[in-house]
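[1] I'd like to go over a predicted model; first the sequence, then the structure.
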Amino acid sequence: MAKAHDTWRVLGHGPLEQLADGVWRVEGSLPGMALKRVMTIARLANGSLVVHNAIALDDKGMSALDALGKVAFILVPNGYHRLDAPTFAKRYPEARVLVPRGARAKVAEVVNVSGDYGDFPADPRVKLEHLDGVRDGEGVMSIESDDGVTLVLNDVVFNMPHLPGFGGFVVRALGSSGGPRVTRIARTLLIKDKRAVRAHLERLAATPRLKRIVVSHHEVITDDPGATLARVAATL
């Protein structure tokens, strides 16, 4: 696990991309790795923001983020996604840092945690829930927009294409690339009850008006996301 940053450190990243009304995404790089990471931003009904899997951006990117609204919540989606959590919390001291219940101890090693996903206030646009079968180590964010529902998952589902080079070979050998899937790493380190995870993913796949699924590594799932997630669930 990479050491969490204690100073604002900008790694390679793309632009702030709007996916829907009140939903944005940024894809970033990690040094020496083929793996991409994704930050998702959602706007609450009161206009404030929820930042899922925070990524430190350059001045232009942070100005664009700040123009969207006030950051009210910083979500650290599991115990392995802590890299920029401390510096984001310093930059937005009034924001509440929330984590999945099972990840609280690991995240609290690097940043003060305000509560878990169960402490997120009721909102007509954005909802959080813990994911079954992972000992509350991860959760799901659901965002209501004019065009439908966006689900935001973390490590339980990847959508990484096959990549060239040695790095691409490594992630392919690990079963992490090749489209939407539950990776071997997730099966080993994250999932504790396959049946429970499968059932929860199947429920999510049946979400009315499901438009897209954002994952914390690589590409958004937009091609028939419900059927795609159901197929992924069936592999468990």
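    It's in. Numbering: from 1, shown residues only.

[2] show me where this protein has strands.
    Assigned by DSSP state E, the chain shows strands spanning 17-20, 23-29, 36-43, 49-52, 71-75, 96-99, 115-116, 126-130, 139-145, 148-152, 158-160, 179-181, 210-214.

[3] elements contacting the longest one?
    Secondary-structure packing of strand 36-43 (3 or more CB pairs under 8 Å, 6 or more residues apart in numbering; DSSP states H and E): strand 23-29, strand 49-52, strand 139-145, strand 148-152. Where you see a C-beta, it was placed from the backbone N, CA and C, and this is true even at glycine.

[4] reformat those strands as TSV; add distance to V214, mean neighbour count and mean pLDDT.
    TSV is the format used below for the helices and strands packed on strand 36-43 (distance: least, CB to CB, whole Å; neighbours: other CB atoms under 10 Å; pLDDT from 0 to 100):
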stretch	distance to V214	mean neighbour count	mean pLDDT
strand 23-29	6	20	96
strand 49-52	8	25	98
strand 139-145	9	23	98
strand 148-152	5	22	98
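
[5] ok, back up a step: make JSON lines out of the strands of the chain and add distance to T235.
    As requested, these are exported to JSON lines (distance: least, CB to CB, whole Å):
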{"stretch": "strand 17-20", "distance to T235": "26"}
{"stretch": "strand 23-29", "distance to T235": "25"}
{"stretch": "strand 36-43", "distance to T235": "22"}
{"stretch": "strand 49-52", "distance to T235": "25"}
{"stretch": "strand 71-75", "distance to T235": "26"}
{"stretch": "strand 96-99", "distance to T235": "27"}
{"stretch": "strand 115-116", "distance to T235": "28"}
{"stretch": "strand 126-130", "distance to T235": "22"}
{"stretch": "strand 139-145", "distance to T235": "18"}
{"stretch": "strand 148-152", "distance to T235": "18"}
{"stretch": "strand 158-160", "distance to T235": "12"}
{"stretch": "strand 179-181", "distance to T235": "7"}
{"stretch": "strand 210-214", "distance to T235": "16"}
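
[6] among those, which comes closest to L83?
    Closest approach to L83 among the strands of the chain is made by strand 36-43 (8.0 Å; CB to CB).

[7] neighbours of K194, how many?
    Close neighbours of K194, defined as other CB atoms under 10 Å, add up to 14.

[8] next one: the one 3 residues further on
    V197 sits with 24 neighbouring residues when counted by other CB under 10 Å.

[9] quick one: contacts for the closest residue to it other than its chain neighbours?
    Spatial nearest neighbour of V197, excluding adjacent residues (CB to CB, 6 or more residues apart in numbering): G133 at 3.6 Å. Going by CB atoms under 8 Å, 6 or more residues apart in numbering, G133 touches I191, K192, D193, K194, R195, A196, V197, R198, A199, H200.
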